[in-house]
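Engineer: sharing a model prediction with you, sequence too.
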Amino acid sequence: MISLENVTLTFPDGDSRVTAVDDVTLAAPAGVVTGITGPSGSGKSSLLAVAATLIKPDSGRVMIDGTDAAKLGKREAAALRRERIGIVFQQSNLLPSLTAREQLHVMAELGGEHTGPRTRRAIRARADELLDAVGLAAQAGKRPAQLSGGQRQRVAIARALVHEPGVLLVDEPTSALDRERGAEIMGLIARLTREQGTATLLVTHDLVHSGALDALVTVVDGAIVSSVDEPGLLRETAAAAV
Ligand SMILES: Nc1ncnc2c1ncn2[C@@H]1O[C@H](COP(=O)(O)OP(=O)(O)OP(=O)(O)O)[C@@H](O)[C@H]1O
C-alpha cells in the first residue's frame, strides 16, 4: 500500500517556483493497478518520482507500508527503495553486458544481506520463476541486444519484482512499443499486480490500454481533477480522453 497525503512539490523557475505537484492526496491499494494520466507537463512524472522517494516533496506525507518516506534522509530512502519499491521506466534501462537472468540476480543482490548460499539459491529460484511468469524462460540466457523491445520491457518488469516489493511504480511502459506489444505489457502488469499483490502506480498519457487499469487518477496542472475506480466510469473517463 502506498498513499500520498497533501503532497506538494515545487521546482525553481527563474525568480519564482513552478508547482509540479499541487496538494495531491491518493491511495494505491495492494493488488490493484492505479493509473495516473493527464496532459504533458501536468506533473505525472514528478508525482511518480515523489512516490519513488527519488524527490522529496516540499510538504505532505508519502506513506509506504507505514513509513513516511518524505521524512527519510537520502540513505534511508535508498534502503526503503531497495527493499519495498520496484520501478519500471519508459526505457528498460538494462545493463548491456548481462543476460536477462543476470539482470535479476544483480538487482536482488543489491538489496544487501543476500550473501549466504541458501539465499543465493532462493534468489536464483525467484529470478527463474519471474522470468517464467513474464514468458521469457527460454530467453533467460540472452543479452538485451538479442531481445526485442517488448522482451526487454518484460525483463525490466521481472527485475523490478525480484526483491518482492510491496509497491510497483511504472512510467509509460508502452511508449516504445507498438499497440499490440503495448497491450501485452499492460496485461502482464495487471496480472503480476494481482499475483504478487503489489500496489501499482502506472503513469500513462495514452489510455488505449485502460482496460488493464483498476483505477484512474487524472492530473491537470499538478492537481487531481478526477479519480475513478468504478469500471463503467473508468471506461467512460478513458474513452473521453483518448
Ligand atoms: N527538474 C525540474 N526542474 C524544474 N521544473 C521541472 C522539473 N521537472 C519537472 N518540472 C516542471 O514541472 C511540471 C510537471 O512536469 P512533469 O515532467 O512531472 O509532467 P508530466 O505530466 O510527467 O509531463 P510529460 O507527460 O510531458 O512527461 C512542468 O511544468 C515541468 O516543466
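Structural biologist: Perfect, thanks for sending it. Numbering: from 1, shown residues only.

Engineer: which residues sit against the helix or strand bottoming out on mean pLDDT in the chain?
Structural biologist: Here the helix or strand of the chain ranked lowest by mean pLDDT, DSSP states H and E is helix 117-133, holding a mean of 87. With Cβ atoms under 8 Å, 6 or more residues apart in numbering as the test, helix 117-133 has contacts from 100-101, 104-105, 108-109, 113-114, 137, 139-140, 155, 158, 161-162, 164, 192, 195. For the C-beta atoms, the positions are set from N, CA and C on the backbone; glycine is no exception.

Engineer: can you list the weak-confidence ranges in the chain?
Structural biologist: 111-118 (pLDDT under 70).

Engineer: following the least confident helix or strand of the chain, which helix or strand comes up?
Structural biologist: Going down the chain from helix 117-133, the next helix or strand is helix 149-161, by DSSP states H and E.

Engineer: tell me the angle of that following helix relative to helix 117-133?
Structural biologist: 140 degrees (axes from the mean of the first three to the mean of the last three Cα atoms, to 10 degrees).

Engineer: follow-up on the earlier one: alpha carbons of the least confident helix or strand of the chain, as PDB, please.
Structural biologist: Extracted C-alpha coordinates of helix 117-133, given in PDB (Å, rounded to 0.1, in the frame of the first residue of the first chain):
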ATOM      1  CA  PRO A 117      24.500 -19.800  -0.400                       C
ATOM      2  CA  ARG A 118      20.900 -20.600   0.600                       C
ATOM      3  CA  THR A 119      19.800 -17.000   0.000                       C
ATOM      4  CA  ARG A 120      21.600 -17.000  -3.300                       C
ATOM      5  CA  ARG A 121      19.800 -20.200  -4.300                       C
ATOM      6  CA  ALA A 122      16.500 -18.600  -3.300                       C
ATOM      7  CA  ILE A 123      17.300 -15.500  -5.500                       C
ATOM      8  CA  ARG A 124      18.100 -17.700  -8.400                       C
ATOM      9  CA  ALA A 125      14.900 -19.700  -8.000                       C
ATOM     10  CA  ARG A 126      12.900 -16.400  -7.700                       C
ATOM     11  CA  ALA A 127      14.600 -15.000 -10.800                       C
ATOM     12  CA  ASP A 128      13.700 -18.100 -12.800                       C
ATOM     13  CA  GLU A 129      10.200 -18.100 -11.500                       C
ATOM     14  CA  LEU A 130       9.700 -14.400 -12.600                       C
ATOM     15  CA  LEU A 131      11.300 -14.900 -16.000                       C
ATOM     16  CA  ASP A 132       8.800 -17.700 -16.500                       C
ATOM     17  CA  ALA A 133       5.900 -15.500 -15.300                       C
END
